[in-house]
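**Student:** After the sequence you'll find the predicted model.
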Amino acid sequence: MTYLDLIQEMRDLGFPCAYHHFTTPPEPPYTVVLYAYSSDVQADNQNYAEVGNYQLELYHTIKHPPSEKKIEDKLRELRLPYRKIETYVESEKLYQVIYQIRLVGGN
């Protein structure tokens, strides 16, 4: 799976989704996918397997467990383990739920 596939999966769930940011954000809830860092498998001074660490971020005006469950069910279906972090972005008045995931070989 690539990050482009993940973006399409979020769109198929009904969440507007873009890479990194929207020029003009849609009405919440919406999602973004962004690259965080690499954890490539390395040996013998070479990178053998691409492992990209990404963030899938959900933005909503309220704490909304049904939206989170929808995303988490999809991540399970796609067999993408995740870690979840939540915060409130005061300047935007939005809740942000971050799912940290790894995409192996599909950067």
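**Tutor:** Structure's in. What do you need? Predicted, not measured: the structure shown is a model, and the values here were computed from it. Numbers count the residues shown, from 1 in each chain.
**Student:** For the rest of this, base every contact and every neighbour count on C-alpha atoms.
**Tutor:** OK.
**Student:** Would you check how far apart Tyr59 and Ser67 are?
**Tutor:** 10 Å (Cα to Cα, to the nearest Å).
**Student:** let me fix that: Tyr95
**Tutor:** In terms of Cα to Cα, Tyr95 sits 12 Å off from Ser67.
**Student:** Between the two, which is the more surrounded one?
**Tutor:** Using other Cα atoms under 10 Å as the criterion, Tyr95 and Ser67 rank with Tyr95 on top: 21 against 18.
**Student:** May I have the beta-bridge partners of that one?
**Tutor:** The bridge-partner assignment for Tyr95, based on DSSP bridges, gives His60, Tyr88.
**Student:** Output the top helix by length along the chain as CSV, restricted to C-alpha atoms.
**Tutor:** When the chain is parsed with DSSP state H, its longest helix is helix 65-77. Provided in CSV are the C-alpha atoms of helix 65-77 (Å, rounded to 0.1, in the frame of the first residue of the first chain):
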residue,chain,number,x,y,z
PRO,A,65,-15.9,8.5,18.4
PRO,A,66,-18.0,7.2,15.4
SER,A,67,-15.5,8.9,12.9
GLU,A,68,-12.6,7.5,14.8
LYS,A,69,-14.1,4.0,14.8
LYS,A,70,-14.7,4.2,11.0
ILE,A,71,-11.0,5.0,10.4
GLU,A,72,-9.8,2.4,12.9
ASP,A,73,-12.0,-0.3,11.4
LYS,A,74,-10.6,0.6,8.0
LEU,A,75,-7.0,0.5,9.3
ARG,A,76,-7.7,-2.9,10.8
GLU,A,77,-9.2,-4.1,7.5
